[in-house]
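Asks: Sequence plus the predicted model coming up.
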Amino acid sequence: MNIIEVNNLTKSFDKLTAVDNLCLSVAEGEIFGLVGPDGAGKTTTMRLLTSIMDPTSGNVAVAGFNTVSDAERVKEHIGYMSQRFGLYADLTVAENIDFYADIYQVPKDGRTERTEKLLSFSNLAPFKNRLAGKLSGGMKQKLGLACALIHKPSVLFLDEPTNGVDPVSRREFWRLLYQLLKEKVTIFVSTAYLDEAERCNRVALIHKGNLLAIGTPDEIKKLMHGAVMEIRVSEPRHVTELLQANLNNASISLFGDRIHLVAEKIEETYKQAAKIISSNGIDLLSCRTIEPALEDVFISILTSEKDKT
């Protein structure tokens, strides 16, 4: 059963089309990732799906309710955590949760038990009397999640929830999301982190408001154009710039201290890359063909789309 249905969704601002004829569906009880770079249309899509903003055309149904004509009913069934979730710095952790319980009109009867459960779930129980303004970035995100869950929503919308959060806190946050699946909460999360997209049941890749691909991470990887060569050199950033400037038949990306070269004719292209590297007096430490990451696939699809225009 699909709990989210998006049909021909479009949102325009004057001459800018932020979301362009988007179609997708999300099954009940899955983690669905909306993946794309800054400016791709992720936040606008989130606002359209949560009844914060009306579309220019098209329609959305969440939990069986239309996001325009049944906006108030939609809001009863969803939790929404925006990029800048509205925590109150001068309230404690427990007071913030109670404040959102009031907003969502959670009955007083059973509220204490629900709050204690969320504090335990998020590992915030030892800090329930701490002011929200004194929390770390990762703890603020967990508090935001607890506030968004206080009314037991069936669908949880998270707009880049781990943006700017350290890697350890990101991992902990995703652990909490997986726990929510056991309670049959559907999670719709946007992210610019391609490694996080690997954690989703299904993902949609968008760019400039357009849907590029949709499917499981493994299905998306099958759309890869060409193969991936991982190259290690003594000056990775400099070599990345050299290859990007001199190799027209490949996509070049820097992954930490490794360079990913993506090309249809990988062996031939690698020989050209090796020649460029050696001619600049830079040490080539190693190379190997690897399985593509989602980021490789995303770049490959983008490059293919550009070649069509």
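Replies: The structure has been received and is ready for your questions.
Asks: contacts and neighbour counts: CA atoms only from here.
Replies: Fine.
Asks: tally of neighbours for Ala293?
Replies: When counting by other Cα atoms under 10 Å, one arrives at 18 neighbours for Ala293.
Asks: residues contacting it?
Replies: For Ala293, the contact set (Cα atoms under 8 Å, 6 or more residues apart in numbering) comprises Asp195, Lys221.
Asks: Give me the pLDDT for it.
Replies: Looking at Ala293, its pLDDT reads 82.
Asks: how close does it get to Asp218?
Replies: Ala293 is 10 Å from Asp218, where distance means Cα to Cα, to the nearest Å.
Asks: Would you state the strands of the protein in chain order?
Replies: 2-13, 16-27, 31-35, 57-62, 65-66, 78-81, 155-159, 186-191, 202-207, 210-215, 227-233, 251-255, 258-263, 284-290 (DSSP state E).
Asks: Could you count how many residues lie near Met1?
Replies: Neighbours of Met1 using other Cα under 10 Å come to 8.
Asks: quick one: it and Glu28 touch, right?
Replies: Yes. If you go by Cα atoms under 8 Å, Met1 and Glu28 touch, sitting 5.9 Å apart.
Asks: Contacts for stretch 36-53, please.
Replies: 11, 18-19, 34-35, 54-55, 60-62, 67-68, 71, 74-75, 78, 80, 157, 159, 190-192, 205-210.
Asks: Straight-line length of it, end to end?
Replies: Termini of stretch 36-53 sit 20 Å apart (Cα to Cα).
Asks: Run the chain-centre distance for that stretch.
Replies: Centroid separation between stretch 36-53 and its chain, computed with Cα atoms, centre = their mean, to the nearest Å, is 11 Å.
Asks: What of stretch 122-141?
Replies: For stretch 122-141, the distance to the chain centre is 23 Å (Cα atoms, centre = their mean).
Asks: what does stretch 227-244 give?
Replies: 27 Å.
Asks: Let me know the pLDDT of Asp38.
Replies: Each residue has a pLDDT score; the one for Asp38 is 88.
Asks: Ok, the one 10 residues further on next?
Replies: According to the predicted model, the pLDDT of Leu48 comes to 97.
Asks: any idea how far Ser57 is from it?
Replies: Applying Cα to Cα to Leu48 and Ser57 gives a distance of 11 Å.
Asks: Name the residue in the two with the higher neighbour count.
Replies: Neighbour comparison, Leu48 and Ser57: the larger count goes to Leu48, with 23 against 13 (by other Cα under 10 Å).
Asks: What distance do you get for the more buried one to Phe13?
Replies: 13 Å.
Asks: Output the below-cut-off pLDDT ranges for the stretch 201-309 of the chain.
Replies: Residue ranges of the stretch 201-309 of the chain with pLDDT under 70: 303-309.
Asks: Let's see that with 80 instead.
Replies: Applying pLDDT under 80 to the stretch 201-309 of the chain flags the ranges 225, 299-300, 302-309.
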